[in-house]
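**Student:** After the sequence you'll find the predicted model.
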Amino acid sequence: MARATVSERARHKADQKVTEDGMAVSSFDTLLDHLASLTLNEVEMPSQPNRPFTLLAEATPLQQRAFQLLKVDPATDVAISRTP
């Protein structure tokens, strides 16, 4: 069997530690940790203290790109459960 050859593009990505779109290259575990840091926050307005609502934190550029590649919209695809 012939050895697999590494493309110039893959070699450049490995050397530079940056993707084509300028994102830092990371491991899958690091990506999952980063995605897990996107939070849902329960918010109450002072003018309406008895009407809390859930607010999704703004995603970082890395989170936005990962969700884009996964075809996931956290604003609509995230399950929100409330505890009484």
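**Tutor:** Arrived safely, thanks for sending.
**Student:** Of all the strand elements in the protein, which one is longest?
**Tutor:** The residue-count maximum for a strand in the chain (DSSP state E) belongs to strand 48-56.
**Student:** tell me, what residue is most central in the protein?
**Tutor:** Against the mean C-alpha coordinate of the chain, by C-alpha atoms, centre = their mean, the closest residue is residue 63 at 2.2 Å.
**Student:** any weak-confidence spans in this protein?
**Tutor:** Applying pLDDT under 70 to the chain flags residues 79-84.
**Student:** ok, back up a step: and the residue nearest to the centre of the chain, how far from residue 71?
**Tutor:** To residue 71, residue 63 is 14 Å away according to C-beta to C-beta, to the nearest Å. The C-beta positions use only the backbone N, C-alpha and C, and glycine is treated the same way.
**Student:** Same check on residue 21?
**Tutor:** Remark: distance between residue 21 and residue 71 (C-beta to C-beta) = 17 Å.
**Student:** Helices of this structure, start to end?
**Tutor:** Counting by DSSP state H, the chain has helices at residues 8-16, 28-36, 61-70, 74-77.
**Student:** Give me the residues contacting the shortest one.
**Tutor:** Meaning helix 74-77. Outside helix 74-77, the residues that touch it by C-beta atoms under 8 Å, 6 or more residues apart in numbering are 38, 56, 59, 63, 67.
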